[in-house]
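Sequence below, structure please.
(4 chains)
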Number of protein chains: 2
Amino acid sequence: MNESRRMPNSTDVARRAGVSQSAVSRTYSPGASVSQSTRDAVLAAAAELGYRPNALPGIMQGKRSRMIAVVIGGMGNPFYARVLDTLATRLSAAGQQMVLARVDSNHSLDAVADDLARYRVDGVFSALAVTQPDTRDALAAFGIPVVSFNTPLHGPSVHSVSCDNAAAGAAAAQLLHARGATRPAFIHGPENSPAEIERFTGFADAIRALGLPSPLEARGNYDYAGGRSAAAALMTASTPPDALFAANDLLALGALEALRHDLDRAVPSDVQVIGFDDIDMAAWQAFQLTSFAQDISGMVDRAVELLLSEQTTTEGQCLRVPARLIERATT
Amino acid sequence: MNESRRMPNSTDVARRAGVSQSAVSRTYSPGASVSQSTRDAVLAAAAELGYRPNALPGIMQGKRSRMIAVVIGGMGNPFYARVLDTLATRLSAAGQQMVLARVDSNHSLDAVADDLARYRVDGVFSALAVTQPDTRDALAAFGIPVVSFNTPLHGPSVHSVSCDNAAAGAAAAQLLHARGATRPAFIHGPENSPAEIERFTGFADAIRALGLPSPLEARGNYDYAGGRSAAAALMTASTPPDALFAANDLLALGALEALRHDLDRAVPSDVQVIGFDDIDMAAWQAFQLTSFAQDISGMVDRAVELLLSEQTTTEGQCLRVPARLIERATT
DNA sequence: CCTCTTTTTGCATAGCTATGCATTGCTGAT
DNA sequence: ATCAGCAATGCATAGCTATGCAAAAAGAGG
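Here you go, the predicted structure:
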């Protein structure tokens, strides 16, 4: 509209409204002292000019930026899509903006962290299932509150909120045993996934504690195709398993489909299957997958509290939220 | 670490390195004139202090903020999760930050738009399946480039990138007719979804052009549960349909499950089903759903080009990208 | 060694808002 | 009429970096 495409600033509005720049600022500062007539004049002038208050100078003065960075490894897994959705809703309700950064093997966390730090975000929510040894340090380098979701980490100003993966793994073992399984197997996600390792360890320990042989293992990279191939690999072993516990639901659903359609096994009578995360599809009629529901809503609430809490002095907390076993038709 | 938790600034680094603030700034400005020795001293001092360049003053000086706002209605639909994932990857590759805002019936677009404008985002990517009459104006009020994804809109500096919904709807009609359907029905998404209306119109027109009766209709709000109930409602009609075209895949999958498990119909012999979006689950063995794949990658590329193009003078463009029919086992 | 060119450096300032402080104007009480 | 008290207003400045310009240093050539 204008010649130089410059946005109008508070001085422009002030001039037009015949007041000082301070009056404009105060009009947009809740609780500041402005008369009704001044306020009306300012708002009228602002509307005519299309003025939008600029948040950046305030941030430079030391105010909080009200921006939270979210570092995520991808949204292909409906579990993370739901986490993101929940987080977006909560942050919005708390008046925070969400700056989303996708990290993958190409874009390292360090590069992303540098970018985000330039914008003076107030905190970082990390939802990285797969971590490298230096991830903790890269997050700590932010120097601002960091919450790691579902990856237990702690350090100065680095908190984490996870579910109790080991206990859930043990519960899976006990359920399978109670349902008559004698040779359970585990389908791993990708390497370097701390949550997955906890699930496996809890599962394997409990299996052995029940007097069963150590579980067979296959690896499947957290997706449907990985679950299919892992199931195929496991079932062609010399002594194939009669129960599968997968590190997440996508793996479990892929395995379930492979069992039924490729390997011609009945579930649960020939082979039982348990997943993790309780994504929407787990409840679909075709699957009726037994799974562990994480309390996403509660976990995100905790994470947001940690991010927005003023005290930065707190040593990193490592919160645990229990997972809930949902037994359906695959066990 | 420090007393006042203030982040070090370029002056702090300059003092420590024994150079001027300008030298620090130039060290971080690609192509600026700094000697190697100065650069080394600056980087060393910066590392000691944990200095992170501050992007905000530059933005205030009129530089681009390199922030793109993304307005989205939710991530429960894997289609939008994938759009978001693709967009995040592309924007990251282009050196842009992504500011995510979730809009729902509680949080109106106007409120969100005000918030985002305060941060001086460079552009807005809108992925709102459901729009209100004033959405176009709310987006145009940004005064910055706006791209509406999959919702045809245009206005000053408001572009859109959509697939050719009407043509796809017609193709669905022709496929069903070719496969022997005589009484097709349509499962609507929510009201006020422009893309959905185009799909329906193209479908219904083609149905009639083929000499078939106007399609039965049911409404299902774009999710799995809606598809289930819509299918149940349609199949209990006095003359139930023998083919269903759903406005998206979640609806189609819900309908497919209801047909098989609740209504005891064989697919495709009793009833054919077509979805839209070709989400991952459509290809899963349990479903093998015929669907229309949108070229998400190409569409996002176009959208990013529009957002990052310098010329703001262009009248809003309304790009169309063809959808690709993927026939599987439900037709 | 001197001059000219090129590179490097520093100075000073723009960009926009929030806010402490001082000032003005008004109300109401004495 | 006088003055205390309070609300409303304006002034001036901090906060941080990028950059035009001028000055200084370094290098090149004779």
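
just checking, what packs against the helix or strand of chain A with the lowest mean pLDDT?
One helix or strand of chain A scores below all others by mean pLDDT, DSSP states H and E: helix A:135-140, with a mean of 82. Secondary-structure packing of helix A:135-140 (3 or more Cβ pairs under 8 Å, 6 or more residues apart in numbering or on different chains; DSSP states H and E): helix A:109-118, strand A:146-149, strand A:158-163. C-beta here means a position set from N, CA and C on the backbone, and glycine is covered the same way.

Next, format the ones you listed as TSV and append mean neighbour count, distance to B:D134 and mean pLDDT.
TSV is the format used below for the helices and strands packed on helix A:135-140 (neighbours: other Cβ atoms under 10 Å in any protein chain shown; distance: least, Cβ to Cβ, whole Å; pLDDT from 0 to 100):
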stretch	mean neighbour count	distance to B:D134	mean pLDDT
helix A:109-118	19	34	89
strand A:146-149	28	36	94
strand A:158-163	24	39	94
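
Tabulate these (JSON lines), appending distance to DNA strand C.
Putting the helices and strands packed on helix A:135-140 into JSON lines (distance: least, Cβ to the nearest atom of the strand, whole Å) gives the following:
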{"stretch": "helix A:109-118", "distance to DNA strand C": "14"}
{"stretch": "strand A:146-149", "distance to DNA strand C": "26"}
{"stretch": "strand A:158-163", "distance to DNA strand C": "28"}
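
May I have the predicted confidence score for the nearest residue to A:P240 once chain neighbours are set aside?
In space, and not counting its chain neighbours, A:P240 is closest to A:L234: 6.4 Å by Cβ to Cβ, 6 or more residues apart in numbering or on different chains. Looking at A:L234, its pLDDT stands at 97.

A:T312 too?
Value for A:T312, per-residue pLDDT: 58.

Show me what the helix or strand containing A:V71 is packed up against.
In this structure, A:V71 sits in strand A:67-72 according to DSSP states H and E. For strand A:67-72, the helices and strands in contact under the criterion 3+ Cβ pairs under 8 Å, 6+ apart are helix A:78-93, strand A:97-102, helix A:109-118, strand A:123-127.

Using PDB, write out every CA atom in that strand.
Provided in PDB are the C-alpha atoms of strand A:67-72 (Å, rounded to 0.1, in the frame of the first residue of the first chain):
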ATOM      1  CA  MET A  67       8.800 -17.700  22.000                       C
ATOM      2  CA  ILE A  68       9.400 -21.300  22.800                       C
ATOM      3  CA  ALA A  69      11.500 -23.400  20.400                       C
ATOM      4  CA  VAL A  70      10.400 -26.900  19.600                       C
ATOM      5  CA  VAL A  71      13.000 -29.200  18.300                       C
ATOM      6  CA  ILE A  72      11.500 -32.300  16.700                       C
END
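
partner strands of that strand, parallel or antiparallel?
Its sheet considered, strand A:67-72 pairs with strand A:97-102 (parallel), strand A:123-127 (parallel) by DSSP bridges.

helix or strand for A:V42, which one?
A:V42 is part of helix A:36-49, with elements assigned from DSSP H and E.

helix/strand/coil for the residue nearest to A:P240?
At A:L234 the chain is in helix, as set by DSSP: H, G, I helix; E, B strand; the rest coil.

Could you state which residue of chain A sits nearest its centroid?
A:A127 (3.9 Å; Cα atoms, centre = their mean).

List the beta-bridge partners for that residue.
Bridge pairing for A:A127 - DSSP bridges - gives A:I72.

Hmm, it is touching A:M75, no?
No - using Cβ atoms under 8 Å as the test, A:A127 is too far from A:M75 to be in contact (9.7 Å).

Between those two, which contacts overlap?
By Cβ atoms under 8 Å, 6 or more residues apart in numbering or on different chains, A:A127 and A:M75 have these common neighbours: A:L84.

Give me the nearest residue to A:A17, chain neighbours excluded.
Counting by Cβ to Cβ, 6+ apart, A:A17 lies nearest to A:A45, which is 3.8 Å off, once chain neighbours are set aside.

Repeat that for A:R265.
Nearest to A:R265 is A:L259, by Cβ to Cβ, 6+ apart, at 4.5 Å.

likewise A:A303?
Among residues not flanking A:A303 along the chain, A:V147 sits closest, at 4.4 Å (Cβ to Cβ, 6+ apart).

my guess is that neighbour meets A:L307, correct?
Yes - A:V147 is within contact range of A:L307, at 5.6 Å (criterion: Cβ under 8 Å).

sorry, back to before: indicate which one of the helices and strands packed on helix A:135-140 is closest to DNA strand D.
helix A:109-118 (8.6 Å; Cβ to the nearest atom of the strand).

how about the residues of the stretch 1-150 of chain A near DNA strand C?
A:6-7, A:9-11, A:21-22, A:25-26, A:28-29, A:32, A:53-54, A:57-58, A:61, A:63 (Cβ under 7 Å from any atom of the strand).

Flag the shaky bits of the stretch 201-331 of chain A, pLDDT-wise.
For the stretch 201-331 of chain A, applying pLDDT under 70 flags the ranges A:311-314.

correction: the stretch 51-200 of chain A
Applying pLDDT under 70 to the stretch 51-200 of chain A flags no residue at all.

For it, which residues are neighbours of chain B?
Residues of the stretch 51-200 of chain A that fall close to chain B, judged by Cβ under 8 Å from any Cβ of the partner chain: A:52-57, A:59-60, A:62, A:67, A:70, A:74-76, A:78, A:81-82, A:84-85, A:88-89, A:92, A:97-102, A:104, A:107, A:112, A:114-120, A:141, A:143.

Only the buried residues of stretch A:183-191, if you could.
A:183-190 (16 or more other Cβ atoms under 10 Å in any protein chain shown).

Thanks a lot, catch you later.
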